[in-house]
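**Q** after the sequence you'll find the predicted model.
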Amino acid sequence: MKREREVYRNRIELLQGTLDMLVLKTLQWGPQHGYGITQALRTRSGEVLQVETGSLYPALHRMERHKWIAAEWKVTEQNQRARFYRITAEGRRQLANDRSRWDTMVAAIASILEA
């Protein structure tokens, strides 16, 4: 039972970490509101990645608590009030760390699949 919980926790952390990395990368292109982040991820992934608001906003709040991003209220081009998020220096460091781990993981998986 303990082993199953640990596997589940690792899986959740991997999923959260991947979403965090993608959001941080998106914000590296410039400040964005939540809907803009989801649209950027969808467009840049060729319509493959579709992040639901139920996943995005908890991730944004978690990243804000970690001080990887900062937020402020602004008005959108459609004249609606929205929170705009931007990556912080700490977020850039986190993104570099996440990207390094991601590259290691992808290389490891590729070496198994190519064997």
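**A** Looks like it arrived, so ask away.

**Q** for the rest of this, base every contact and every neighbour count on C-alpha atoms.
**A** Fine.

**Q** contacts only, for the residue most central in space within the chain.
**A** What sits nearest the mean C-alpha location of the chain, by Cα atoms, centre = their mean, is residue 20, with 2.5 Å. Counting by Cα atoms under 8 Å, 6 or more residues apart in numbering, residue 20 makes contact with 59-60, 63.

**Q** quickly find the element holding it.
**A** helix 2-28 (DSSP states H and E).

**Q** tell me which stretches of the chain form helices.
**A** 2-28, 34-44, 53-65, 89-113 (DSSP state H).

**Q** right, and the ones you listed - which one's nearest residue 82?
**A** Taking Cα to Cα, helix 34-44 is the member of the helices of the chain nearest to residue 82, at 8.2 Å.

**Q** check which helices and strands the closest one sits against.
**A** helix 2-28, helix 53-65, strand 81-87 (3 or more Cα pairs under 8 Å, 6 or more residues apart in numbering; DSSP states H and E).

**Q** go through the last one and flag the buried ones.
**A** Same thing as strand 81-87. 82-87 (16 or more other Cα atoms under 10 Å).

**Q** closest one of the residues you listed to residue 105?
**A** residue 87 (24.0 Å).

**Q** that closest one contacts residue 24, doesn't it?
**A** Yes. Look at residue 87 against residue 24 with Cα atoms under 8 Å: they come within range, at 6.4 Å.

**Q** shared neighbours of those two, anything?
**A** Both residue 87 and residue 24 are contacted by residue 69, under the criterion Cα under 8 Å, 6+ apart.

**Q** what residue ranges in the protein score low on pLDDT?
**A** Within the chain, the ranges that satisfy pLDDT under 70 run 1-16.

**Q** dihedrals phi and psi, residue 66?
**A** Backbone torsions of residue 66, given as degrees, to the nearest 10, read phi -80, psi -10.

**Q** returning to that earlier point: what's the closest of the buried residues of strand 81-87 to residue 102?
**A** residue 87 (19.1 Å).

**Q** which non-adjacent residue is nearest that closest one?
**A** Among residues not flanking residue 87 along the chain, residue 69 sits closest, at 4.4 Å (Cα to Cα, 6 or more residues apart in numbering).
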